[in-house]
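**Q** Only the shape, not the letters, is given here:
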């Protein structure tokens with residue numbers, strides 16, 4: 001195909017010929033929806049023929065239907081090359097050694113306009129070429145464990161990641177980073193907090209909400225903050241490091257069992273729930289927010305326990321739920337059920353017979369709060385007390401997703417439900433806390449005078 005129209009087919013090519021423009025033309029495009037200025041990009045091989053892709057001058061891409069285009073004026077031409085320059089990562093014997101384990105998230109990336117895909121930059125040389133500041137903090141090595149979207153992460157990946165981390169610790173690594181997609185990062189952070197106990201070094205999970213080709217990408221800063229935390233930080237736990245505010249100011253370090261993704265697209269999507277974060281990180285400093293963390297050690301000792309029972313489910317209760325949902329899990333051989341109940345941990349009475357059957361069949365059933373914040377308190381109302389008599393066990397303030405992976409981990413170790421209960425209700429990595437601090441629950445409601453005043457004097 002003529003390179004002037006790379007990736008395009010009729011009728012888009014007819015529009016190019018009529019207006020004497022080509023791929024990589026810098027243009028002013030007049031359409032029935034207004035004027036657009038930008039660079040014409042190649043199209044993906046699998047895309048349709050009726051749209052032209054324009055990279056606007058603000059860095060964002062849009063697709064414009066050819067039927068809406070009145071005229072196109074070429075004002076320049078500048079073919080772009082999106083390969084990230086690769087440079088040898090410098091070694092400094094005075095700096096700590098950090099290992100980046102990749103699971104499939106794109107921390108730094110380039111755009112492949114042949115397929116329209118974002119291709120991750122992953123080798124030390126690629127990462128150094130993309131984010132040279134990384135060399136200020138450490139000697140970096142990378143290993144790609146696998147490449148999956150985060151929704152496809154599961155027991156196989158959890159176990160291999162935990163084992164790889166154990167191997168690196170035994171070799172004497174000073175810090176570990178896990179590149180991960182953001183959608184299920186909090187699930188992986190939680191299960192790794194149970195599979196990897198008492199690590200001597202920081203284990204920092206990091207991802208990006210927006211890919212590197214976007215002007216608002218958080219990828220580079222997230223990576224810098226994670227590398228600094230892994231190389232220089234004193235907190236030897238599984239953590240998530242992502243943007244604190246939406247602006248490029250600092251990252252927050254969240255404990256792996258108390259963190260949750262709370263917004264589909266904000267860069268500041270990750271929040272510590274029912275507690276406060278461990279630390280604030282910027283390119284120069286790590287500021288501790290609390291002191292009840294496990295500290296970095298000089299030894300190479302770590303406990304790796306990759307047990308995981310796959311027949312565990314999480315059920316979100318809703319009004320008028322029928323018992324056949326619980327019965328179907330029992331019938332299909334599920335060994336554990338986590339319920340996200342209403343209020344202090346409640347479900348409706350029609351579910352009682354199914355819950356009784358679950359107990360009789362030896363299915364472990366645990367209650368969490370779908371409110372996310374707060375504690376399950378099943379002693380307060382009659383409903384809660386009745387459910388406990390049916391075998392449902394409250395989990396204090398364990399987050400639903402955390403309770404789910406912990407129950408899978410506990411059932412992977414034993415069939416004895418009393419031992420499972422012992423594991424579930426014994427705090428291991430901060431998943432259950434004695435109290436929720438006064439500032440562990442904050443939701444600002446826009447429009448309220450005092451909140452608007454607060455927002456005027458700080459950056460969100």
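**A** Yep, that arrived. In this text the structure is predicted, and so the values were computed from the model without any measurement. Numbers count the residues shown, from 1 in each chain.
**Q** Once you drop chain neighbours, what's closest to residue 303?
**A** In space, residue 303 comes closest to residue 197 once its chain neighbours are excluded; the distance is 4.2 Å by CB to CB, 6 or more residues apart in numbering. For the C-beta atoms, the positions are set from N, CA and C on the backbone; glycine is no exception.
**Q** So for that neighbour, what's the pLDDT?
**A** pLDDT recorded at residue 197 is 95.
**Q** Residue 291 too?
**A** pLDDT, residue 291: 93.
**Q** a strand runs through it, doesn't it?
**A** No: using DSSP: H, G, I helix; E, B strand; the rest coil, the assignment for residue 291 is coil, not a strand.
**Q** Tally up the residues packed near residue 155, please.
**A** Neighbours of residue 155 under the rule other CB atoms under 10 Å: 17.
**Q** try residue 291
**A** Counted with other CB under 10 Å, residues neighbouring residue 291 total 7.
**Q** Now residue 440: phi and psi?
**A** Here is the backbone geometry of residue 440 (degrees, to the nearest 10): phi -90, psi -10.
**Q** Show me where the stretch 101-250 of the chain dips below the pLDDT cut-off.
**A** 105-125, 129, 211-216 (pLDDT under 70).
**Q** Repeat the analysis, applying 50 as the threshold.
**A** For the stretch 101-250 of the chain, the stretches with pLDDT under 50 are 113-117.
**Q** Look up how far residue 318 lies from the closest residue to residue 371 other than its chain neighbours.
**A** Closest residue to residue 371 apart from its sequence neighbours, by CB to CB, 6+ apart: residue 343 at 7.3 Å. Plainly put, residue 343 is 13 Å away from residue 318 if you go by CB to CB, to the nearest Å.
**Q** Now the element after the strand or helix carrying residue 28, going C-ward?
**A** Residue 28 belongs to strand 25-31 when elements are defined using DSSP states H and E. Proceeding N to C from strand 25-31, the next assigned helix or strand is strand 34-40, under DSSP H and E.
**Q** Just the buried residues of that next one, please?
**A** Buried residues in strand 34-40, counted by 16 or more other CB atoms under 10 Å: 36, 38, 39, 40.
**Q** in whichever helix or strand comes after that strand, what's buried?
**A** Tracing the chain past strand 34-40, the next element assigned as helix or strand by DSSP H and E is strand 51-56. Residues of strand 51-56 classed as buried by neighbour count (16+ other CB under 10 Å): 51, 52, 53, 54, 55.
**Q** how many neighbours does residue 438 have?
**A** Using other CB under 10 Å: residue 438 sits among 7 other residues.
**Q** hang on, it is in a strand, isn't it?
**A** No: under three-state DSSP, residue 438 sits outside any strand and is assigned coil.
**Q** Tell me how far it lies from residue 139.
**A** Counting by CB to CB, the gap from residue 438 to residue 139 is 42 Å.
**Q** more neighbours, residue 343 and residue 318?
**A** More crowded of residue 343 and residue 318, by other CB under 10 Å: residue 343, with 15 against 12.
**Q** The more buried one is in contact with residue 368, isn't it?
**A** No: the pair residue 343 / residue 368 is not scored as a contact, 11.8 Å apart, by CB atoms under 8 Å.
**Q** Done for today, thanks.
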